[in-house]
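[1] Give me the fold of what follows.
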Amino acid sequence: MHRRTMFPNTVILLVILHMSAVAPATAFYIPLSTSIQSSVSPAASCSPSYVQTASAQEGRFHKAHICIPAKQRGHGLGVHMGGFDMEKPQVPSDTAYMSLSPELRPTFSEFLSSQECQDVDPSLKLALGAIENSIQEMSTLVRRNNFGATPRGEEEIAMAASTRLSYVGEKSTPLDIQCNEVMKRSLYGCGAVAAVASAEDDAVLIGRPAAPYVVVHDTLDGTSNLEAEAPVGTIFGLYQNEADLGPEKSCLQSGSALKAAGYVVFAASTHVVISLGNGTFEFTLDPERGSFVLTHQRMRMPKSGASYSVNDGRYQDWPAALQQWVDVVRNGEGWSGKQYRASYVGSLVSDVHYAMRFGGIAIDPRSHLRLVYQANPIAFLVEQAGGRAVDGMGRILAREPYTLHERLPLFAGSSQDVEELLSYGDVREVGDFIDDAIY
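    Below is the predicted model:
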């Protein structure tokens, strides 16, 4: 005996779409109407019904099975279509989910449980979940900092910051110290991290030596921007804890060995751009859901842009090759024929994020950026998005770090822009940290 079942608006229906033989099946969430006709047998857990696809091209109805466990009937729905694993729904295409409101888009945790990440080590997912938690807490701290409040009222942190320099000689702020502690606490607590290397610390900090991963991170990049309400960010990378290397030396692997990398932009919204080696994805924090939701998947950096990001105030210190390239593209005489404009923010993640979205190139010609904490994760993300990242001599991900706080120049962005820049010759501001023999 079949019956008509009523469901409230708050129930979410998971639908599998099969749009064509070419397009893969897609999973995403749509709201149910106040009532839905389903053929559910009281004694059966699944029975056939019909659901409408969201395909603008077809608009067809497809036969599905609406599965309602006996103890959960009236509270939620699962949808099953033959041949698809509902435990691992696919991440929707941009055209499918960009039309959805934020509350219906996949969250970061749902992304990690999807077919997109079905081959990802569960321990790596655990470490990434810990990073997500710390980013949410750091996002709150960054916003509270705009009120001039000492994080959590911990005056001893402020006192320590007043005299403390980070290992690389940059003055630490109370927010730097607080966020560094948040990140370490979250990572050590997840059980999947053997060691953490931070730009704020002079050495690798060992947690669980036998755990499968190590994490490197620059906790807050561009904190001097906070006084002007400009964006700041976080950069992180995860490596396998190699048994023959141990946790400390595992942090000094080349960037090509990264298992995952990401950066965070703390701005009007908080964005996380991340790659697990299968493309670059962007998630944005939805305060109402308390979760990061997928806003761009498989980001592709344009082949060329119309902007460059570099501190023009140092023009006189640049090598002639860099000066010449900037002069040429500003006049619209470069390879693309477009007239380039400056887009310098002063925060590495912001400058790279602009290039990631719109094309162009982020430049620091000095031996200033840290290979382990900044350049390697950024280069990994840029390459996964189809761009290039070099130090002026070669591919950054090919470098073998020899010290934890090694520095280098960075030229990262659209592939054609980087190629054109390098064609002008040596564009590095040579400093004490450059070593051409380390490739």
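[2] Buried ones in stretch 106-119, by neighbour count?
    For stretch 106-119, burial by neighbour count (16 or more other Cβ atoms under 10 Å) applies to Pro106, Thr107, Phe108, Glu110, Phe111, Leu112, Ser113, Ser114, Gln115, Glu116, Cys117. The way it works is simple: take the backbone N, C-alpha and C, and place the C-beta from them, glycine included.
[3] Which pLDDT value belongs to Ala202?
    No Ala there; residue 202 is Asp. Asp202 carries a pLDDT value of 88.
[4] cool, the one 5 residues further on as well?
    Looking at Gly207, its pLDDT reads 89.
[5] ok so, going back, out of the buried residues of stretch 106-119, which are inside helices?
    The helices, defined by DSSP state H, take in Phe108, Glu110, Phe111, Leu112 from the buried residues of stretch 106-119.
[6] For the chain, give me the ranges with low pLDDT.
    1-100, 102, 146-171, 431-439 (pLDDT under 70).
[7] Now do the helices in it.
    According to DSSP H, the chain carries its helices in the segments 94-97, 108-112, 122-145, 155-163, 174-190, 246-250, 320-330, 348-358, 376-384, 415-422.
[8] Those helices: which one's closest to Asp221?
    Nearest to Asp221, of all the helices of the chain, is helix 348-358, at 5.2 Å by Cβ to Cβ.
[9] Go through the closest one and flag the buried ones.
    Buried positions in helix 348-358, judged by neighbour count with 16+ other Cβ under 10 Å: Leu348, Val349, Ser350, Asp351, Val352, His353, Tyr354, Ala355, Met356, Arg357.
[10] I'd like those as CSV, with distance to Lys303 appended.
    CSV is the format used below for the buried residues of helix 348-358 (distance: Cβ to Cβ, whole Å):
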residue, distance to Lys303
Leu348, 22
Val349, 22
Ser350, 22
Asp351, 19
Val352, 17
His353, 18
Tyr354, 16
Ala355, 12
Met356, 13
Arg357, 14
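[11] any idea which of the residues you listed is closest to Gly313?
    Asp351 (14.7 Å).
[12] Let me know how buried the residue nearest to Val390 when sequence neighbours are not counted is, in neighbour terms.
    Distance criterion Cβ to Cβ, 6 or more residues apart in numbering; nearest residue to Val390, sequence neighbours excluded, is Phe411 at 5.3 Å. Phe411: 24 surrounding residues under other Cβ atoms under 10 Å.
[13] beta partners for Phe411?
    Ile363, Val390 (DSSP bridges).
[14] I'd assumed Val418 was in contact with it.
    Yes - using Cβ atoms under 8 Å, Phe411 makes contact with Val418 at a distance of 5.8 Å.
[15] Can you pull the residues that touch both of these two?
    Applying Cβ atoms under 8 Å, 6 or more residues apart in numbering, one finds that Phe411 and Val418 are jointly contacted by Ile361, Ala389, Val390.
[16] a markdown table please, covering those residues and showing neighbour count and distance to Pro122.
    Shown next, in a markdown table, are the shared contacts of Phe411 and Val418 (neighbours: other Cβ atoms under 10 Å; distance: Cβ to Cβ, whole Å):
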| residue | neighbour count | distance to Pro122 |
| --- | --- | --- |
| Ile361 | 31 | 37 |
| Ala389 | 24 | 30 |
| Val390 | 22 | 35 |
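[17] and which of those is nearest Glu137?
    If you rank those by distance to Glu137 using Cβ to Cβ, Ala389 comes first, at 29.4 Å.
[18] Let me see the contact set for that closest one.
    Here Ala389 is in contact with 375, 378-379, 382-383, 395-397, 410-413, 418 (Cβ under 8 Å, 6+ apart).
[19] Since that was my last question, I'll sign off now.
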